[in-house]
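S.K.: curious how this folds, go ahead:
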Amino acid sequence: MTNFFLRSHAKRTLIGAVTALVLVGGLAACGHRPHDFGANMSAEQYATQRDRMVDKLGGKLDLNADQKKLLALVGDKMFEQRLALIGQTQDPRAEMKALVAGDKFDATRAQTLINDKTAAIQTKSPEVIAAMANFYNSLNPAQQQRVRDYMDGRGHWFSRG
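M.R.: Purely as a prediction, here's the structure:
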């Protein structure tokens, strides 16, 4: 009878250890990747990334030089909007933690935060929309169709294949 309980206890211990190992290994594997892609990207880093994307999309859509400039402008306007949305904070997570730091949820601070973010979106969105419209309207019908095909899921522009 003792042998049965020892085997059962050993199985549970082994299963628990393997489960913990898989959990810790999975967290470690996920932890090394930068999940905040572009969160702290400088203007120079962004420009490099934007140029790579414009070149890649330019090849997929057969864009001419003027269309590439318009696409780069779309990216620039989106980056400006993102910076306005982030605001002055260096650590958005700290802002969220501050809302629940006390014994009561700071609803006033939360509403101020939402109002600031909403104002940033409302201020910058017309520029982004205008840039996107200028770019899309500069495309010929075949290029526009390629964009629609991609959006319908029939295109895989950014696959590694």
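S.K.: in this protein, what spans have low per-residue confidence?
M.R.: In the predicted model of the chain, residues 1-11, 14, 16-40, 154-161 satisfy pLDDT under 70.
S.K.: 90 instead, please
M.R.: 1-47, 53, 57-61, 78-107, 109-110, 112-125, 146-161 (pLDDT under 90).
S.K.: what about the longest helix in it?
M.R.: helix 107-138 (DSSP state H).
S.K.: now for that helix, which elements pack on it?
M.R.: helix 65-86, helix 92-99 (3 or more C-beta pairs under 8 Å, 6 or more residues apart in numbering; DSSP states H and E). C-beta coordinates here come from the backbone N, C-alpha and C atoms, glycine included.
S.K.: between those, which one is nearest to residue 132?
M.R.: Among those, helix 65-86 comes nearest to residue 132, with 5.4 Å by C-beta to C-beta.
S.K.: touching the closest one from outside, list them.
M.R.: Contacts to helix 65-86, defined as C-beta atoms under 8 Å, 6 or more residues apart in numbering, come from residues 43, 46, 50-51, 53-55, 57-58, 61, 63, 92, 117, 120-121, 123-125, 127-128, 131-132, 134-135, 138-139, 143.
S.K.: cutoff 7 Å now
M.R.: 46, 50, 53-54, 57-58, 63, 117, 120-121, 123-125, 127-128, 131-132, 134-135, 138-139 (C-beta atoms under 7 Å, 6 or more residues apart in numbering).
S.K.: give me the angle between the longest helix of the chain and helix 65-86.
M.R.: Orientation note: helix 107-138 sits at an angle of 180 degrees relative to helix 65-86 (axes from the mean of the first three to the mean of the last three C-alpha atoms, to 10 degrees).
S.K.: just the angle for helix 107-138 relative to helix 92-99, thanks.
M.R.: Put simply, helix 107-138 runs at 150 degrees to helix 92-99, going by the same axes, to 10 degrees.
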